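Undergrad: below are the sequence and a predicted model for it; my questions follow.
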Amino acid sequence: MTKIDIFSGFLGAGKTTLIKKLIAEAYKGEKLVLIENEFGEISVDGGFLKDAGVEITEMSSGCICCSLVGDFAEALK
């Protein structure tokens, strides 16, 4: 079974800070995939997460629903 956590909120609400803390503490040692819907021309959160040691693959061409070609489950594997 796959566990899915969804974090949403307004700009500046602390989503990235929470995610960094969870990765460092609660999810430490677990296999983790982070999908982030980044808006804007500059990936601000991606930079913060890279600095925290998180491997990032960015999709700058729109949302995952519009960008993904093929099976979503296979893409996650």
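TA: Cool, got the structure. Nothing here was measured: the structure is a model prediction, and the numbers come from that model. Numbers count the residues shown, from 1 in each chain.

Undergrad: which regions of this structure lie under the pLDDT threshold?
TA: Applying pLDDT under 70 to the chain flags residues 38-42, 57-70, 72-73, 75-77.

Undergrad: how does it look with 90?
TA: Residue ranges of the chain with pLDDT under 90: 1-12, 14-77.

Undergrad: what's the longest helix in it?
TA: helix 15-24 (DSSP state H).

Undergrad: tell me what that helix is packed against?
TA: Other helices and strands packing on helix 15-24, by 3 or more C-beta pairs under 8 Å, 6 or more residues apart in numbering; DSSP states H and E, are helix 44-51. C-betas here are computed from N, CA, C, even on glycine.

Undergrad: packing partners of the helix it packs on?
TA: helix 15-24.

Undergrad: got the angle for the helix it packs on vs helix 44-51?
TA: Interaxial angle of helix 15-24 relative to helix 44-51 (axes from the mean of the first three to the mean of the last three C-alpha atoms, to 10 degrees): 20 degrees.

Undergrad: shift numbering so it begins at 22
TA: I'll keep to 22 as the first residue from here, and by that count the last item is helix 36-45.

Undergrad: in helix 36-45, what's buried?
TA: Thr37, Ile40, Lys41, Ile44 (16 or more other C-beta atoms under 10 Å).

Undergrad: isn't the third one up against Gly74?
TA: So that's Lys41. No. Between Lys41 and Gly74 there is no contact under C-beta atoms under 8 Å: 9.5 Å.
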